[in-house]
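Undergrad: kindly return the folded structure for what I paste below:
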Amino acid sequence: MKEMPSVIDSEVFLAFSTYATIVVLKMMLMSPMTGYFRLTRKAFANQEDTSLASSTEDKKKMVRVDPDVERVRRCHQNDLENIIPFVVIGLLYTLTGPDLSTALLHFRVFVVSRLFHTVAYVLPLRQPSRAVAFLTGLVTTSSMAYRVLITALYL
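TA: Residues are numbered from 1 along each chain as shown. All right, here's what the predicted structure looks like:
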């Protein structure tokens, strides 16, 4: 295992930082996207969010479940379930001292899979496109986790 200062200064850590930032920003953008869909579909979760409506009856109609809003929310939930483990495992993975080319492959494949997953979920694209994107990201994170565990076992 490498010394901490050399890890932070390494090209692998810099690459990880870049790709992790990309997917975290993508995940953060899902909240405003949910808000956009709520506004354009006039579908809100809470009565107090319906201030755009003038009458009480209109406000009650706006508190509803919309399939498009729910689709974006599920996509965001899926991001939370996959990007957070990628960030944690990816950080541990950088501590194992992987080759730059192998690390870049892991990071790039994960980022592309998550970006494609979002497109496939929100548009929506036909299955198995979303499933393939999800599984690609999961296998990539699992591969990094395997490296972390193997390295830790042989210390």
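
Undergrad: the most centrally placed residue in the chain: what's it in contact with?
TA: For the chain, the residue whose C-alpha lies nearest the mean C-alpha position (Cα atoms, centre = their mean) is residue 79; its distance is 3.2 Å. Taking Cβ atoms under 8 Å, 6 or more residues apart in numbering, we find residue 79 in contact with 23, 26, 27, 30, 114, 118. To be clear about C-beta, it is placed using only N, CA and C from the backbone, and glycine gets the same treatment.

Undergrad: cool, residue 124 as well?
TA: By Cβ under 8 Å, 6+ apart, the contact set of residue 124 is 71, 130.

Undergrad: for residue 12, same thing?
TA: Shown here is residue 12, whose contacts under the criterion Cβ under 8 Å, 6+ apart are 94, 97, 98, 100, 103.

Undergrad: please indicate which of those residues are buried?
TA: Neighbour counting by 16 or more other Cβ atoms under 10 Å classes 94, 98, 103 among those as buried.

Undergrad: element containing the last one?
TA: Under the criterion DSSP states H and E, the helix or strand holding residue 103 is helix 100-122.

Undergrad: quick one: contacts of that helix?
TA: With Cβ under 8 Å, 6+ apart as the test, helix 100-122 has contacts from 11-12, 15-16, 18-20, 22-23, 26, 30, 33, 71-72, 74-75, 78-79, 82-83, 86, 90, 93-94, 98, 125, 129-130, 133-134, 136-137, 140-141, 143-144.

Undergrad: just stretch 90-97 next, same as before
TA: Applying Cβ under 8 Å, 6+ apart, the contact partners of stretch 90-97 are 1-2, 7, 10, 12-13, 16, 19-20, 103, 106-107, 110, 141, 144-145, 147-148, 151.

Undergrad: 10 Å instead, please
TA: Here stretch 90-97 makes contact (Cβ atoms under 10 Å, 6 or more residues apart in numbering) with 1-2, 4, 6-8, 10, 12-17, 19-20, 23, 83, 86, 102-103, 106-107, 110, 140-141, 143-152.

Undergrad: go on, stretch 137-153?
TA: Where contact means Cβ under 10 Å, 6+ apart, the residues beyond stretch 137-153 that reach it are 1, 16, 23, 78-79, 81-83, 85-98, 102-103, 105-114, 116-117, 135.
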